[in-house]
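*Asks:* what's the 3D shape of this:
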Amino acid sequence: MTRLPTYSLHALGVVCGLAAASWLAAAEAPTKLVTAGFSPFVISLGMVAGVFVARWTVPLALKGTGYVLADLREKPHLVIWAVVAGMLWAVANTLTVFAIRNVGLSIAFPLWNINSLVGLIWGWLLFKELRGAGWGRVVFGAVAIVAGACLLAYATSQRSNAAPGGAALGIAAALTAGLLWGTMYIPYRKAYISGMNPLSFVTVFTFGELGTVWTLAVLFDGGVHGVLAELARARPAMFWLFLGGFCWVVGDLFQNYAAKYIGIARGIPLSNTNQLWGLAWGVLVFGELAGQGAMAHVQVFAGSLIMILGAGAICTAKASESEQGSWKGAMERECARYGMDTGRVQSSLLGEDPLSRDMPVRHWWEAAIAVAAVAIFVWLAIGATHQSVAVTLPWMAVLLVLTFVCLMVCGVLLWKRTRFS
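*Replies:* Next up is the predicted model:
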């Protein structure tokens, strides 16, 4: 058997959580197109369509369709959980549209960022996370990340744009979105204590999100004909939306690996440091802090420092032996409930890949799917036009390079330690 590298799964999970933050922030950049007059529903639908394409292409490139299908056949009870997770994400994402319209991004963002705390509570309650020494640092870190996000959001706000009489609705929408996103991590953790590969989980996840986003767009954006008309009008910008969807898939995959190896109580707060990256995109690339005084800059520095301290606390809070015992007990209950092989599941949780030992060979249609996905991006790129969103190209280049460095470092570590298990 090939000897695996000796760095811990905790370290790997921490790196995955931090890498997820960089790619999830990059995925948000195309949402600036809403300022160009496109419908928020069409922007969301365009990004989710890109997500759908990427969620099929990335797993087959890394593992193959045979691997994904075998994983799903071995754990069929998790298919419905993945679809439900996708539906929860879609509803939450739509609620953020109403929150932004009614109270503005500066107020809405920290409100839905409570998903870190919701995920922490669910991890403790359902999956026995944070049982033992070190839980205080995780709680402190999660609270600090949310507090830092609130301060950053306040510092970067220029004015309140609450809709008359709609502030209460916007606040309720933002809080509900945070609750749904935090609850969405229950299927994540349930899948991974059952030994499912994140690549398999996200492939099914996308059916729930695409179907739900399409349904919501039809219901709230003028019916089928209205949505198709808006999509046609947004054709010149669709490449950027698809690209944002692809970035979101990469970030979400890293977030899933973090949830698998360090739990949702640790992994989700770390991935929520995406607001630090989002701040860099907003301030350096889109000039969102231009014209604000010294106090705003002090608040940005303080908020960033608080988030970094919170992330540092979580990074050092390795699960104790008693907590690892609680995780093992949760895994054994899942195996008993669904008749799974405890040894195989335990092996998967240790970063091994028992499913690949008797894996079928690759199929010719996998290359065809990859070529089709690339062709879609090329076709959209040919028809893409410059959008009326001002950017600072040198800073954009710097952030893109750093984002790809995160991809390469985390990707190599995942491959060496787990073979993307």
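
*Asks:* Which residue would you name as the spatial centre of the chain?
*Replies:* Asp252 (3.4 Å; C-alpha atoms, centre = their mean).

*Asks:* Distance-wise, check the closest residue to it other than its chain neighbours relative to Phe242.
*Replies:* Nearest residue to Asp252 in three dimensions, chain neighbours excluded: Val202, at 6.4 Å (C-beta to C-beta, 6 or more residues apart in numbering). To be clear about C-beta, it is placed using only N, CA and C from the backbone, and glycine gets the same treatment. Applying C-beta to C-beta, to the nearest Å, the value for Val202 to Phe242 is 17 Å.

*Asks:* now swap in Phe127 and tell me
*Replies:* To Phe242, Phe127 is 35 Å away according to C-beta to C-beta.

*Asks:* quick one, what contacts Leu169?
*Replies:* 98, 102 (C-beta atoms under 8 Å, 6 or more residues apart in numbering).

*Asks:* So which helix or strand of this structure has the lowest pLDDT on average?
*Replies:* Ranked by mean pLDDT, DSSP states H and E, the weakest helix or strand in the chain is helix 105-112, scoring a mean of 65.

*Asks:* any idea which helix or strand comes after it?
*Replies:* Per DSSP states H and E, helix 105-112 leads on to helix 115-127 as the next helix or strand towards the C-terminus.

*Asks:* what residues are up against Ser304?
*Replies:* So Ser304 contacts 148, 152, 276, 279 (C-beta under 8 Å, 6+ apart).

*Asks:* any idea whether the second one is helix, strand or coil?
*Replies:* In the three-state summary, Leu152 is assigned as helix, counting by DSSP: H, G, I helix; E, B strand; the rest coil.

*Asks:* Is it in contact with Val300, as I believe?
*Replies:* Yes. In this structure Leu152 lies within contact range of Val300 using C-beta atoms under 8 Å: 6.2 Å.

*Asks:* Mind telling me what element the residue nearest to the centre of the chain is part of?
*Replies:* Going by DSSP H and E, Asp252 is in helix 238-262.

*Asks:* From the contact counts, what lies against the helix or strand just after that helix?
*Replies:* Once helix 238-262 ends, the next helix or strand along the chain (criterion: DSSP H and E) is helix 264-271. With contacts taken as 3 or more C-beta pairs under 8 Å, 6 or more residues apart in numbering; DSSP states H and E, helix 264-271 sits against helix 9-28, helix 115-127, helix 135-156, helix 167-192, helix 238-262, helix 294-316.

*Asks:* Which residue comes closest to Glu230 once chain neighbours are left out?
*Replies:* Distance criterion C-beta to C-beta, 6+ apart; nearest residue to Glu230, sequence neighbours excluded, is Val42 at 4.4 Å.

*Asks:* give the contact list for Leu45.
*Replies:* By C-beta under 8 Å, 6+ apart, Leu45 lies in contact with 213-214, 217, 227, 231.

*Asks:* Turn those residues into CSV, including pLDDT.
*Replies:* As requested, those are exported to CSV (pLDDT from 0 to 100):
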residue, pLDDT
Val213, 88
Trp214, 90
Ala217, 86
Val227, 86
Leu231, 83
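
*Asks:* Pull out the buried residues from those residues.
*Replies:* With burial judged by 16 or more other C-beta atoms under 10 Å, the buried subset of the contacts of Leu45 is 213-214, 217, 227, 231.

*Asks:* can you list the residues that contact the helix or strand hosting Gly325?
*Replies:* Using DSSP H and E, Gly325 sits in helix 321-338. With contact meaning C-beta under 8 Å, 6+ apart, helix 321-338 is reached by 75, 77, 126-135, 190, 193-194, 263, 319, 340-342, 345-346, 349.

*Asks:* rerun at 7 Å
*Replies:* 77, 127-132, 193-194, 342, 345-346, 349 (C-beta atoms under 7 Å, 6 or more residues apart in numbering).

*Asks:* So Cys410 is in contact with Phe254, correct?
*Replies:* Yes. Contact criterion C-beta atoms under 7 Å: Cys410 and Phe254 qualify, at 6.0 Å.

*Asks:* which one of the buried ones among the contacts of Leu45 sits closest to Asn93?
*Replies:* Set against Asn93, the nearest of these by C-beta to C-beta is Val213 (7.3 Å).

*Asks:* gap between that closest one and Thr94?
*Replies:* Computed as C-beta to C-beta, the Val213 to Thr94 distance reads 7 Å.
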